[in-house]
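[1] Next come a sequence and a model predicted from it.
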Amino acid sequence: MKFHPVLSALVLLGAAMSAALFMGCSKVPLTPKHPIPAGSVVFRFTRPVRGPVELTLDGARIPVQQTAKGGISLQVQGLSTGKHRFFLTSQRETFSPDQGELDLPADKGIYQVTLTQRLDAVLYGKPDPLPTAEGLPGVTATLHK
């Protein structure tokens, strides 16, 4: 039985591509490690977010505490049960879903996996500073590593 050089090249190419796919891609957990407490929402990003991240809940901008290095999850605490509309935006990243409605149950929180893509735009000049976020009473948002 004769093997042609093309066949061996295809086998090597297939092995290299499968190694690149499995070794180079990190997987985002679809379920949280620990239960999410009631009144909380965790947005788990698929890649690290540099920020600044802007969060709007029920029409009010929520101040987001963030570090200079960014993070991989946005934790929102202090929400009441029921439906809440959210909108996520950033100057450096795009999110999917970037807006939607969350139905928060009384007994547990929500874990939302959010696709993140970098947005490298060239801007001339400095952007206007955003007004301070007014927030909602008792609601806090923190970007965590």
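    Great, that's in hand. Bear in mind that the values here come from a model prediction, so they are computed numbers and not experimental data.

[2] centroid residue for the protein?
    Note on the chain: the residue nearest the mean C-alpha position is Phe45, at 2.4 Å, using Cα atoms, centre = their mean.

[3] Can you name the element that comes right after the helix or strand harbouring that one?
    Element membership of Phe45 [criterion: DSSP states H and E] is strand 40-49. Elements were assigned by DSSP H and E; along the chain past strand 40-49, the next helix or strand is strand 53-57.

[4] Now do that next one against strand 40-49, angle only.
    Here the directions of strand 53-57 and strand 40-49 differ by 160 degrees (axes from the mean of the first three to the mean of the last three Cα atoms, to 10 degrees).

[5] Buried residues in strand 53-57, which are they?
    Residues of strand 53-57 classed as buried by neighbour count (16 or more other Cβ atoms under 10 Å): Val53, Glu54, Leu55, Leu57. Every C-beta, even on glycine, is put in place using the N, C-alpha and C of the backbone.

[6] got a list of what the last one touches?
    In this case it means Leu57. By Cβ atoms under 8 Å, 6 or more residues apart in numbering, the contact list for Leu57 reads Val76, Leu79, His84, Arg85, Phe86, Leu136, Val139.

[7] one more time with 10 Å
    The contact partners of Leu57, taken as Cβ atoms under 10 Å, 6 or more residues apart in numbering, are Val41, Val76, Leu79, His84, Arg85, Phe86, Phe87, Leu102, Gly135, Leu136, Val139, Ala141.

[8] Filter those residues down to the buried ones.
    Using 16+ other Cβ under 10 Å as the burial test, the contacts of Leu57 include Val41, Val76, Leu79, His84, Phe86, Phe87, Leu102, Gly135, Leu136, Val139, Ala141 as buried.
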